[in-house]
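[1] sequence and predicted model, in that order:
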Amino acid sequence: ELKVEQNPLFLSMQEGKNYTIYCNYSTTSDRLYWYRQDPGKSLESLFVLLSNGAVKQEGRLMASLDTKARLSTLHITAAVHDLSATYFCAVDVNQAGTALIFGKGTTLSVSS
Amino acid sequence: DAGVIQSPRHEVTEMGQEVTLRCKPISGHNSLFWYRQTMMRGLELLIYFNNNVPIDDSGMPEDRFSAKMPNASFSTLKIQPSEPRDSAVYFCASSLLGYSNQPQHFGDGTRLSIL
C-alpha cells in the first residue's frame, strides 16, 4: 500500500526561527506537489517538483525533492505569523498529474 | 480569472436524503477531480475525469456515490441515500493535463453534514 508520511504533524514555532517539514513516500515517483490550506479554506498550490534534485523557493519557503530517498522537504526560514497554516505534500503516483496521494498534513502555528 | 467554483458551500441534510454537489472547473482545463477530506482519512481522491470522461473511479466509496460531467464546464457528485459517515468536506479540483508543471487547482469545497 502506498504511504505518504509527513512529519511532524503539528509544529509550533516562534517567529524568526527556521524549521523543516519532511514528506516521505513509499513508491517511485518523480513528481511531488506542496499545498497550503488555511482553516476552513481551499488548498493553494505552493510548489511543483518534477525531478530528482528539484528545488523551488518562494519567499520564506523552500521545497526540495530527492527521488532516490523518496523524500521531499519544505524548509521554513525566519517564520512569520502569516505562515500559520496546514501544509500538505502530494505524490503523483502515475506521473501524469492525476493520481495524487496526499500526506496527512503538517499544521504549523507561528507565534511571537 | 475565476477559479474552481463549487456549490453549495455548506449543506446540512438528514440521513437518507439525496445530496448533489456541483462544480465548475477553470475554463480551458481538461481534467476534473473530486476529493473528500475528513479528519480521520485526510484528503482522498474519489474520481477524476479527463475531457469529460470518467477515467478512474476507484476511490468512490460505494454505489451510493455517483459523479457526472455532462460538459467541460460542469460536474456533479451525488450521494443517494446519504448517511452520517458521508459528512466531510468535498473538494473539486481542475487542471490542464499534458502540461507537466501544472498543479491541480482546488475550489473552496462543500462542507457536508448528514444528520
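    Yep, that arrived.
[2] okay, CA-based contacts and neighbour counts for the rest of this
    Will do.
[3] residue contacts, A:Thr28?
    A:Thr67, A:Arg70, A:Val93 (CA atoms under 8 Å, 6 or more residues apart in numbering or on different chains).
[4] beta partners of the nearest residue to A:Leu49 once chain neighbours are set aside?
    Counting by CA to CA, 6 or more residues apart in numbering or on different chains, A:Leu32 is the residue found nearest to A:Leu49 once chain neighbours are left out, at 5.2 Å. Beta-bridge partners recorded for A:Leu32 (DSSP bridges): A:Leu49, A:Val91.
[5] picking up where we left off before, name the member of the contacts of A:Thr28 with the most neighbours.
    A:Thr67 (21 neighbours; other CA atoms under 10 Å in any protein chain shown).
[6] circling back: JSON lines for the contacts of A:Thr28, including secondary structure, pLDDT and distance to A:Thr77?
    Formatted as JSON lines, these follow (DSSP: H, G, I helix; E, B strand; the rest coil; pLDDT from 0 to 100; distance: CA to CA, whole Å):
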{"residue": "A:Thr67", "secondary structure": "coil", "pLDDT": "93", "distance to A:Thr77": "23"}
{"residue": "A:Arg70", "secondary structure": "coil", "pLDDT": "95", "distance to A:Thr77": "23"}
{"residue": "A:Val93", "secondary structure": "coil", "pLDDT": "83", "distance to A:Thr77": "29"}
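[7] got a list of what B:Pro70 touches?
    Counting by CA under 8 Å, 6+ apart, B:Pro70 touches B:Asn52.
[8] which phi and psi does it have?
    phi -70, psi -20 (degrees, to the nearest 10).
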